[in-house]
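Undergrad: model the following, please.
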Amino acid sequence: MTTPPRTRKQPLRLALRTDILTPKTILMKHLDEQFKKTENNNDKNSITPIVLYTCGSLCPVHLQHVALQEMAKEYLEQHYNLKVVGGFLATSNDLYVGQKYKMSGRLESYLNWSQRSELIDLALENHPFLCQDKWDGEEQPRFQEYFMAQKHLQDHLNTWCKEQNYPKIRVLAVRADLVNKCNINEWFPTEGLGCVCIERPPNKLPSANPDKYFFSMPLPTEYKNRQGDNMSISSTRVQELLRGDVRKEGEVSVQEMLHPKVLEKLCQLWNL
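TA: Purely as a prediction, here's the structure:
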């Protein structure tokens, strides 16, 4: 059974994006580097700059959130004439995450947006191409679905690229969990949304549609060989292990699931 998006209606008033909320420093660095390497204007126009985007509860952010974007970057640059100039992680608004944790009876593990945002900054400290997009944390008339947030980011970067005289950027979501759950392969391309669908065994990958910037990426062999432990990494599992749950056979430790600074801060927040 699939879960469709809750709403596709856009409210009249949304929070504004700024360079503080959606930083461009990494994008500018890599776009400028690409221009310097490519002096022929025809060559410049033939290379599409890509920005990767992952949003969700991220309560808390773990190393697989980061690894999936790193894998997507490597895949796109090796197999297609694309250049990943940056990537964003975004933790969803409290309107969604708070309700989610209340409904599931897990309020003891709930972290507000400011706490989740701080953990993401710790996890991405000095990362060469990833940073945090903080727009989702702004006050909104209602929670913005993942695809609506992606559309808003795409529109914002379209305007920014035009103002800065950069080639148009394409924003690609990086998804593993929602591919089958929400059948995004059936409606993302029709909505003009790009995506890198990463295999999550035992689910099958949808067909790729590169012309629509919809890609299907097989899980790298080294990850497939470890799927029993690596793919079990989740924010929920982090919460369970930190609160004393026993590790399953073959499961990686919570120390291997988290950036050391994220683990340290979580222990402070949860008095562990």
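
Undergrad: check contacts around E138.
TA: A15, L16, L21, N93 (Cβ atoms under 8 Å, 6 or more residues apart in numbering). For the C-beta atoms, the positions are set from N, CA and C on the backbone; glycine is no exception.

Undergrad: do that again at 7 Å, thanks
TA: The neighbours of E138, taking Cβ atoms under 7 Å, 6 or more residues apart in numbering as the test, are A15, L21.

Undergrad: where does pLDDT dip in the protein?
TA: For the chain, residues meeting the criterion pLDDT under 70 lie at 1-12, 37-46, 222-232.

Undergrad: can you show me the strands along it?
TA: 48-56, 82-91, 130-132, 170-175, 194-198, 214-217 (DSSP state E).

Undergrad: from the chain's centre, how far out does the second one sit?
TA: Meaning strand 82-91. From the chain centre to the centre of strand 82-91 is a distance of 8 Å (Cα atoms, centre = their mean, to the nearest Å).

Undergrad: same question for stretch 67-75.
TA: On the basis of Cα atoms, centre = their mean, stretch 67-75 is displaced by 11 Å from the centre of the chain it belongs to.

Undergrad: over to stretch 64-73?
TA: 9 Å.

Undergrad: export the strands of the chain to JSON lines and tack on distance to H156 and mean neighbour count?
TA: JSON lines is the format used below for the strands of the chain (distance: least, Cβ to Cβ, whole Å; neighbours: other Cβ atoms under 10 Å):
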{"stretch": "strand 48-56", "distance to H156": "11", "mean neighbour count": "23"}
{"stretch": "strand 82-91", "distance to H156": "11", "mean neighbour count": "24"}
{"stretch": "strand 130-132", "distance to H156": "15", "mean neighbour count": "22"}
{"stretch": "strand 170-175", "distance to H156": "9", "mean neighbour count": "23"}
{"stretch": "strand 194-198", "distance to H156": "15", "mean neighbour count": "26"}
{"stretch": "strand 214-217", "distance to H156": "21", "mean neighbour count": "21"}
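
Undergrad: and those as TSV, adding distance to M28?
TA: Formatted as TSV, the strands of the chain follow (distance: least, Cβ to Cβ, whole Å):
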stretch	distance to M28
strand 48-56	11
strand 82-91	9
strand 130-132	12
strand 170-175	16
strand 194-198	21
strand 214-217	25
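
Undergrad: out of these, flag the one nearest R237.
TA: Proximity to R237 (Cβ to Cβ) singles out strand 48-56 among the strands of the chain, at 14.8 Å.

Undergrad: in its sheet, what does the closest one sit against?
TA: Strands that pair with strand 48-56, judged by DSSP bridges, come out as strand 82-91 (parallel), strand 170-175 (parallel).

Undergrad: in a markdown table, list those along with distance to K248.
TA: Converted to a markdown table, the strands paired with strand 48-56 look like this (distance: least, Cβ to Cβ, whole Å):
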| stretch | distance to K248 |
| --- | --- |
| strand 82-91 | 27 |
| strand 170-175 | 25 |
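
Undergrad: A123 is nearest to which of those strands?
TA: Once those are compared by Cβ to Cβ, strand 82-91 is nearest, at 7.9 Å.

Undergrad: one step back: ok, which of the strands paired with strand 48-56 comes nearest T25?
TA: strand 82-91 (9.0 Å).

Undergrad: quick one, that closest one and strand 194-198 angle?
TA: Relative orientation of strand 82-91 and strand 194-198, computed by axes from the mean of the first three to the mean of the last three Cα atoms, to 10 degrees: 80 degrees.

Undergrad: output strand 82-91 as PDB, nothing but the C-alphas.
TA: Presented in PDB, the C-alpha positions along strand 82-91 are these (Å, rounded to 0.1, in the frame of the first residue of the first chain):
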ATOM      1  CA  LEU A  82      26.300  16.100 -14.600                       C
ATOM      2  CA  LYS A  83      28.200  18.100 -12.000                       C
ATOM      3  CA  VAL A  84      27.000  18.100  -8.400                       C
ATOM      4  CA  VAL A  85      27.900  21.600  -7.100                       C
ATOM      5  CA  GLY A  86      26.400  21.200  -3.600                       C
ATOM      6  CA  GLY A  87      23.800  19.500  -1.500                       C
ATOM      7  CA  PHE A  88      21.400  20.400   1.300                       C
ATOM      8  CA  LEU A  89      20.000  18.500   4.300                       C
ATOM      9  CA  ALA A  90      16.800  20.000   5.800                       C
ATOM     10  CA  THR A  91      14.900  18.900   8.900                       C
END
